[in-house]
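here's my sequence, what's the structure:
(2 chains)
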Amino acid sequence: MEKVKVEDLCFAYDPNTPVIQSVSFTVEAGSYTTIIGHNGSGKSTIAKLMIGLLAAQSGKIWMDGLPLNEANIYEIRNRVGIVFQNPDNQFIGASVADDIAFGLENHQVQSDRMQAIIEDYAQRVGMQDFLNSEPTKLSGGQKQRVAIAGVLAMQPQMIIFDEATSMLDPQGKAEINDLIQEIHAQGDLTVISITHDIEEVAKSDHVIVLDQGRVVLDGHPDEILQHEAELIRLKLDIPFALKFRHELEKNGVSIHAGTTMEGMVAELCRLRSKS
Amino acid sequence: MPITFEKLSHEYHPDTPFAYLALDGIDLSIAEGKMTAIIGSTGSGKSTLVQHLNALLLPSGGSVTVLDRTITAGDKPKQLKELRKRVGLVFQFPEYQLFEETVAQDIAFGPKNFGMSEEEALAKAREMLAFVGLEESHLERSPFELSGGQKRRVAIAGILAMDPDVLVLDEPAAGLDPQGAKEMMSLFVKLNREYHKTVLIVTHDMEHVLRYCDDVVVVDHGHIVQTADTATFFRDTELLHQLRINPPAVIRLREALCANGFVLSDQLLEMEELAAAVAQAVKHHE
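Numbers count the residues shown, from 1 in each chain, chains lettered A, B, ... in the order given. Next up is the predicted model:
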């Protein structure tokens, strides 16, 4: 089932420099979809268009078959959450509890129910012991957890992560990546992750590659990541497992593992024990 | 002449309830002319450490010697201008510090401040813009119209325009796309190898450390816990795990294979070498 359908979308901040040019794609409900492209390829603009923060010049967006327009925008925003790159720019509350409460208050959740909801979602992201902490006392990774809790508390059907880990240190990155995977595995939430992490792409269900505001590749990562020359031309990385596979070929070993490190290890172990 | 720290301590907000000892008795020598990675988790003290290199922070205890200048705790150092010219410090997300109307003016700001004429400074700006890989047509543009990666190049060009001997970069590749990050790192390698600048890079990216840096300094809770050349550092996988450092992909793959019965030397740090060894192990079994 289609969660999102984008058709022939065009957008420009300034009419002479188009940022998004005739972009079309669909995202399946419940999928983990990644969007990649070099800086300036239009990834974040698409995210903003999808939640109606920007209005397209032309083209259409549907969510669950509902067209994104002025009449439906609030309904659609109820269904979609977004987590941005910079943890500092999205922490609005004076404390963790406050920050999680912000969206709920906007949705007029009754105050007697609020506390239980806040505690529940803080728990889900492992921040239950920090409810009264101020943002200055938190690491970047912890602030992103709070942002995610705030989004989850709105019970969206889809979450867009716009480079949500790119400003975090490796530990913070790993924490948030694991949390996103966990949230996705738990339910039927659709995840769209805008990322530079090619290993995350390799593990996803679907990848959309953007270049200069156009979709240049779109499909399953096992297939898309085979277009190595194209990925390099687009200034993107290729997964380590693929690079390693080529080195093995130079040494006379050809294997048919996927694009993840885990797949590579499994296949090499199988080859080794075959004899 | 190496950069040396002797029993250097730094305490923030001394004599207040917020007092915090960020560096505690640091003894460290950083070789001249090399590319050294400073690593450690967030809050380990690595940014505090590098800010002593051009006296942006002064030691609370001990001393630091950089380019024949020694700064000792308790001194009120004067004439820091020369030191600040010779030690270029590039903070995280330096693009947020651009402020002039044109790219040319922004790059020329530093050199003018250090006494260069307007004309010389603008000539320098043109030269440095090319060096960081941007076209001359950018000179008269507003820095705010540029992309994030371009802005960062402009900010770095501004530091390079002062022709520092020591270049200190705090997370220079953070937030760039993979290609942008690679180009950025290549730029520092060029400054180091061809222009013989001493380069210090504060980074979390172990792939960059393995590929580009000669030496590694590990800061943890305000102490130096390791200084080693890069190859030695990455051979100690136990320390890497202890420090919760995610090793480069080559090492992760090697460890995963070893955990599954492969016998592979811990000397293997290059993908090409590891592939050759793995290929042999697999064929040997056939």
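
with just CA atoms, put the lowest-mean-pLDDT helix or strand in chain B into CSV.
Least confident helix or strand of chain B, by mean pLDDT, DSSP states H and E, is helix B:237-242 with a mean of 87. What follows is helix B:237-242, C-alpha atoms only, in CSV (Å, rounded to 0.1, in the frame of the first residue of the first chain):
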residue,chain,number,x,y,z
THR,B,237,41.5,-3.2,19.4
GLU,B,238,41.0,-3.8,23.1
LEU,B,239,41.7,-0.1,23.8
LEU,B,240,39.3,0.9,21.0
HIS,B,241,36.5,-1.1,22.6
GLN,B,242,37.3,0.2,26.0
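
is it anywhere near chain A?
No. Helix B:237-242 lies out of reach of chain A by C-beta under 8 Å from any C-beta of the partner chain, never closer than 11.5 Å. Backbone N, C-alpha and C define where each C-beta goes, glycine included.

what sits up against the very next helix or strand once past that helix?
Next in sequence after helix B:237-242, counting helices and strands by DSSP states H and E, comes helix B:249-259. The contact list for helix B:249-259, computed with C-beta atoms under 8 Å, 6 or more residues apart in numbering or on different chains, reads A:240, A:244, A:261, A:264-265, A:268-269, B:207, B:210, B:234, B:237, B:240, B:246-247, B:264, B:266, B:268-271, B:274, B:278.

make it 6 Å
Contacts of helix B:249-259 with the rest of the structure, by C-beta atoms under 6 Å, 6 or more residues apart in numbering or on different chains, involve A:240, A:265, B:264, B:268, B:271, B:274.

okay, the residues you listed in TSV with neighbour count, distance to residue A:145 and secondary structure next?
Shown next, in TSV, are these (neighbours: other C-beta atoms under 10 Å in any protein chain shown; distance: C-beta to C-beta, whole Å; DSSP: H, G, I helix; E, B strand; the rest coil):
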residue	neighbour count	distance to residue A:145	secondary structure
A:240	22	28	helix
A:265	20	30	helix
B:264	17	37	coil
B:268	19	37	coil
B:271	17	34	helix
B:274	22	36	helix
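
turn the residues you listed into JSON lines, including pLDDT.
Rendered in JSON lines, the data for those read as follows (pLDDT from 0 to 100):
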{"residue": "A:240", "pLDDT": "92"}
{"residue": "A:265", "pLDDT": "93"}
{"residue": "B:264", "pLDDT": "93"}
{"residue": "B:268", "pLDDT": "91"}
{"residue": "B:271", "pLDDT": "94"}
{"residue": "B:274", "pLDDT": "95"}
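
where does chain B have low pLDDT?
B:285-286 (pLDDT under 70).

return the member of the contacts of helix B:249-259 nearest to residue B:143.
residue A:240 (35.5 Å; C-beta to C-beta).

and the closest one, how far from residue B:236?
Residue A:240 sits 22 Å away from residue B:236, going by C-beta to C-beta, to the nearest Å.

where along the stretch 51-200 of chain B do the strands fall?
For the stretch 51-200 of chain B, the strands defined by DSSP state E, counting those that start in this stretch cover B:61-66, B:69-72, B:87-90, B:166-170, B:198-202.

wait, which of those strands is closest to residue B:127?
Comparing the strands of the stretch 51-200 of chain B against residue B:127 with C-beta to C-beta, the closest turns out to be strand B:87-90 (15.6 Å).

which of the strands of the stretch 51-200 of chain B is buried the deepest?
strand B:198-202 (a mean of 25; mean count of other C-beta atoms under 10 Å in any protein chain shown).

tell me the strands beside it, with direction?
Applying DSSP bridges, strand B:198-202 is found paired with strand B:35-39 (parallel), strand B:166-170 (parallel).

so in terms of bridging, what pairs with the closest residue to residue B:50 other than its chain neighbours?
In this structure, residue B:50 finds its nearest non-sequential neighbour in residue B:168, 5.0 Å apart by C-beta to C-beta, 6 or more residues apart in numbering or on different chains. Beta-bridge pairing of residue B:168 under DSSP bridges involves residue B:89, residue B:200.

so residue B:168 sits against residue B:200, correct?
Yes. Under the criterion of C-beta atoms under 6 Å, residue B:168 makes contact with residue B:200 at 4.6 Å.

hang on, isn't residue A:20 packed against residue A:214?
No. Using C-beta under 6 Å as the test, residue A:20 is too far from residue A:214 to be in contact (8.3 Å).

and the pLDDT at the closest residue to residue A:97 other than its chain neighbours?
Nearest-residue entry for residue A:97: residue A:131, 4.4 Å, with adjacent residues in sequence omitted and distances by C-beta to C-beta, 6+ apart. Predicted confidence (pLDDT) for residue A:131: 91.

enumerate the residues of chain A near chain B.
Residues of chain A found near chain B (C-beta under 6 Å from any C-beta of the partner chain) are A:38-40, A:139, A:166, A:169-170, A:196, A:235, A:237, A:240, A:247-248, A:251, A:253, A:265, A:269, A:271-272, A:275.

give me the subset of these lying in helices.
A:170, A:240, A:247-248, A:265, A:269, A:271-272 (DSSP state H).

a markdown table for those residues, including distance to residue A:11?
A markdown table is the format used below for these (distance: C-beta to C-beta, whole Å):
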| residue | distance to residue A:11 |
| --- | --- |
| A:170 | 34 |
| A:240 | 34 |
| A:247 | 42 |
| A:248 | 44 |
| A:265 | 43 |
| A:269 | 48 |
| A:271 | 49 |
| A:272 | 52 |
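
any idea which residue is closest to the centre of chain B?
Compute the mean C-alpha point of chain B, and by C-alpha atoms, centre = their mean the closest residue is residue B:201, 1.1 Å away.

so what's that residue up against?
B:37, B:169.

got it, and residue A:263?
Shown in contact with residue A:263 (C-beta under 6 Å, 6+ apart): residue A:257.

am I right that it sits in a strand?
No. Applying DSSP: H, G, I helix; E, B strand; the rest coil, one finds residue A:263 to be helix, outside a strand.

what's the local residue count around residue B:229?
Residue B:229 is flanked by 14 other residues according to other C-beta atoms under 10 Å in any protein chain shown.

ok, now which ones touch it?
Neighbours of residue B:229 in contact, by C-beta under 6 Å, 6+ apart: residue B:215.

separation between it and chain A?
Using C-beta to the nearest C-beta, to the nearest Å, residue B:229 is found at 22 Å from chain A.

what's the helix or strand for the closest residue in space to residue A:83 that isn't next to it in sequence?
Distances taken as C-beta to C-beta, 6+ apart place residue A:164 nearest to residue A:83, at 4.5 Å, with adjacent residues excluded. Following DSSP H and E, there is no helix or strand that holds residue A:164.

and the pLDDT at residue A:164?
89.

also residue A:174?
Predicted confidence (pLDDT) for residue A:174: 84.

where's it, which helix or strand?
If you go by DSSP H and E, residue A:174 is part of helix A:170-186.

next helix or strand past that helix?
Taking DSSP H and E, what comes next after helix A:170-186 is strand A:190-194.
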